[in-house]
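J.: mind folding the following:
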Amino acid sequence: MKKIPVLLIISCAIFVGFKKNAAQTVRLGKDCKIDYVLSSDGEKVSAIKIMNGKSLIQVGYSEDGDDYSFSIENDGNVSCRMNASSERLYSYLIEDKKSRFECAGNVMEDGDASFVIRTFCYEDISNVFVESENPSWVQKQIVFDGKESHFLNLSSDGKQETEYTGDLYRDLHGTRSE
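T.: This next block holds a predicted model:
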């Protein structure tokens with residue numbers, strides 16, 4: 001999950017082009033406008049921002065076109081961001097601030113991946129590790145109300161390990177964990 005802040009920084013860097021290159025603005029009404037920036041050669045659009053009231057759509061590309069960023073925000077409550085880089089790092093973030101819901105994911109070049117789902121009372125964190133010399137494995141942690149959790153390691157060779165915190169084991173299985 002450390003890659004999401006990095007990609008959000010990359011997406012901001014792409015839009016810094018709005019300040020470096022003169023942004024062109026087209027107004028379509030009182031609350032609707034489109035800002036766009038042309039590439040340094042002036043032959044293609046490298047970034048575009050569409051604002052309609054409090055809603056916003058942004059798309060940006062690097063000069064070589066390998067990196068891109070896509071973002072949608074609706075009244076500051078619901079947002080969706082996707083990023084891709086030339087290092088084959090892909091990420092997404094879906095967030096609903098009003099409902100206190102967040103879902104994020106990263107896929108790295110080597111195939112490793114991480115996913116997070118957060119709600120006001122539940123958090124699910126999953127990491128997938130793909131190794132060519134060792135068995136691949138999945139690490140999963142589920143947290144309820146920020147305190148009781150269930151931690152699971154699953155390996156492609158069939159091995160598994162489960163850990164519980166608090167009284168979660170008793171609640172799930174009827175007996176106290178050792």
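J.: just the helices in this protein please.
T.: 3-15, 17-20, 168-173 (DSSP state H).
J.: what is the burial count for residue 75?
T.: Neighbour count for residue 75, taken as other CB atoms under 10 Å: 12. From N, CA and C alone the C-beta is placed, and that goes for glycine too.
J.: residue 124 contacts residue 144, doesn't it?
T.: No: taking contacts as CB atoms under 8 Å, residue 124 lies outside contact range of residue 144: 10.2 Å.
J.: quick one: mean pLDDT for stretch 107-125?
T.: Across stretch 107-125, the average pLDDT comes to 90.
J.: report the distance from it to the chain centre.
T.: 9 Å (CA atoms, centre = their mean, to the nearest Å).
J.: can you pull out the strands in this structure?
T.: 24-27, 32-38, 45-52, 55-61, 68-74, 78-84, 90-96, 101-107, 113-118, 122-129, 137-144, 148-155, 160-164 (DSSP state E).
J.: redo those strands as CSV? Include mean neighbour count.
T.: Below are the strands of the chain laid out as CSV (neighbours: other CB atoms under 10 Å):
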stretch, mean neighbour count
strand 24-27, 10
strand 32-38, 16
strand 45-52, 18
strand 55-61, 19
strand 68-74, 18
strand 78-84, 19
strand 90-96, 18
strand 101-107, 18
strand 113-118, 17
strand 122-129, 16
strand 137-144, 16
strand 148-155, 16
strand 160-164, 13
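J.: where does residue 44 fall, phi/psi-wise?
T.: phi -150, psi 160 (degrees, to the nearest 10).
J.: which ones are touching it?
T.: Contacts for residue 44 were tallied using CB atoms under 8 Å, 6 or more residues apart in numbering; they are residue 38.
J.: ok, it to residue 118 distance?
T.: Using CB to CB, to the nearest Å, residue 44 is found at 38 Å from residue 118.
J.: go on, residue 61?
T.: Applying CB to CB to residue 61 and residue 118 gives a distance of 30 Å.
J.: and for residue 144?
T.: Distance from residue 144 to residue 118, by CB to CB: 12 Å.
J.: shared neighbours of residue 124 and residue 144, which are they?
T.: What both residue 124 and residue 144 touch, as defined by CB under 8 Å, 6+ apart, is an empty set.
J.: okay, now the unreliable bits of this protein?
T.: Applying pLDDT under 70 to the chain flags residues 1-21, 132, 166-178.
J.: for residue 22, list the residues it contacts.
T.: Here residue 22 is in contact with residue 37 (CB under 8 Å, 6+ apart).
J.: which residues does the nearest residue to residue 27 once chain neighbours are set aside bridge with?
T.: Leaving out its chain neighbours, the residue that sits closest to residue 27 by CB to CB, 6 or more residues apart in numbering is residue 33, at 4.8 Å. Taking DSSP bridges, one finds residue 27, residue 51 as the beta-bridge partners of residue 33.
J.: much appreciated, bye for now.
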